[in-house]
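Peer 1: okay, structure incoming, though there's no sequence with it:
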């Protein structure tokens, strides 16, 4: 798999970028400067943790799922879909969403399959978490909500999903904000070893390949211990409190959570099969398709998964449209650690 670390070995073009302050946009540098229409508004700066809850969540049947999601902003505003990662949930966007809504965006923040209030419609549906299945969930959600095109913004699983949507369904993606850049999984490359320090960073992926790991994810106490440890390790400068983690950890009590997480990581390693219905999409993704929609890529400097030298050079050639690269002096959970900077990236890329 071409992941956050192996990108530096697999490809590379040189670009430069400066660090961005966690609280705002001071010190940002653009690796590439595309044409702008000059109308992008400045997002008001707020402290991380200003908001702690969403309005009442909504539900809609979409594809194989009944999707639980938060919606903020005017119903006819330009759509932004914010996608969370693992081990996180919609609260990664609890500060970002109101910032965008106040600027007139219709902001949709869904729970991914196996998380929170999202449920499978049928008990007979295979609990599949391969990358194209999750991307198609978003297409189905857009159809159900009658959203033709949207800005897609994500990190971790959400970045991967956004990349796939932009690569395979560019007509549905107005623009893209992708933390860690190009994260489309290459299962063939995943079979090759990488440097020991990088393998160590992926410890939980290998733990999930074992039955011990599966059982740990099925037990609430061990699941919460493990996910809390991941938060601490990948966001070393984020001073979150117990209540912040607890709000997100409630989403891990979904009855399909363990099955989805275990299948996702085992599928990446080639230890679990997907479904034939997705083969045509996975075949296209295996070629590493380029992304032509307007994109801002963000690399968090303190995230142990960020490929060095954190300037986006490892994946620059995968983005062929208007493009900027930004770095932030924070950890993995970019929208929750730096909501103003993340929201500004959404607004800026929408005005490319």
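Peer 2: Thanks, I have the structure now. Only a predicted model underlies this, so the values are computations on that prediction, with no experimental measurement involved.
Peer 1: which residues of the stretch 101-250 of the chain fall in strands?
Peer 2: Along the stretch 101-250 of the chain, the stretches classed as strands by DSSP state E, counting those that start in this stretch are 106-110, 119-120, 150-154, 173-179.
Peer 1: mean confidence (pLDDT) on stretch 208-218, please.
Peer 2: For stretch 208-218, mean pLDDT rounds to 98.
Peer 1: ok, residues contacting that stretch?
Peer 2: With Cβ atoms under 8 Å, 6 or more residues apart in numbering as the test, stretch 208-218 has contacts from 204, 207, 222-223, 226, 257-258, 261-262, 265-266, 269, 271. Bear in mind the C-beta positions are built from the backbone N, C-alpha and C, glycine included.
Peer 1: please enumerate the helices of the stretch 251-352 of the chain.
Peer 2: Secondary structure of the stretch 251-352 of the chain by DSSP state H, counting those that start in this stretch: the helices cover 257-268, 279-286, 334-337, 339-350.
Peer 1: cool, the stretch 1-150 of the chain as well?
Peer 2: Under DSSP H, counting those that start in this stretch, the stretch 1-150 of the chain gives helices at 7-10, 96-102, 131-144.
Peer 1: in a markdown table: the strands of the stretch 101-250 of the chain, plus mean neighbour count and distance to residue 68.
Peer 2: What follows is those, written out as a markdown table (neighbours: other Cβ atoms under 10 Å; distance: least, Cβ to Cβ, whole Å):
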| stretch | mean neighbour count | distance to residue 68 |
| --- | --- | --- |
| strand 106-110 | 26 | 7 |
| strand 119-120 | 19 | 8 |
| strand 150-154 | 29 | 17 |
| strand 173-179 | 27 | 23 |
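Peer 1: and residue 200, which of these is closest to it?
Peer 2: strand 173-179 (21.6 Å; Cβ to Cβ).
Peer 1: among the helices of the stretch 1-150 of the chain, which is nearest residue 196?
Peer 2: It is, among these and with distance given as Cβ to Cβ, helix 7-10, at 13.8 Å.
Peer 1: give me the number of residues near residue 301?
Peer 2: Counted with other Cβ atoms under 10 Å, the neighbours of residue 301 add up to 18.
Peer 1: ok, back up a step: quick one: the contacts of stretch 208-218 as TSV, columns for neighbour count and distance to residue 289 too.
Peer 2: TSV is the format used below for these (neighbours: other Cβ atoms under 10 Å; distance: Cβ to Cβ, whole Å):
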residue	neighbour count	distance to residue 289
204	20	28
207	15	31
222	14	38
223	20	35
226	18	33
257	22	30
258	21	31
261	25	26
262	25	27
265	21	23
266	19	24
269	16	22
271	13	25
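Peer 1: low-confidence ranges, this structure, go.
Peer 2: Residue ranges of the chain with pLDDT under 70: 1-38.
Peer 1: still on that earlier bit, deepest of the helices of the stretch 251-352 of the chain, which one?
Peer 2: Most buried of the helices of the stretch 251-352 of the chain, by mean neighbour count (mean count of other Cβ atoms under 10 Å): helix 334-337, with a mean of 29.
Peer 1: would you turn the contacts of stretch 208-218 into a markdown table with distance to residue 66?
Peer 2: Converted to a markdown table, these look like this (distance: Cβ to Cβ, whole Å):
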| residue | distance to residue 66 |
| --- | --- |
| 204 | 29 |
| 207 | 30 |
| 222 | 28 |
| 223 | 23 |
| 226 | 27 |
| 257 | 16 |
| 258 | 19 |
| 261 | 20 |
| 262 | 22 |
| 265 | 25 |
| 266 | 25 |
| 269 | 30 |
| 271 | 29 |
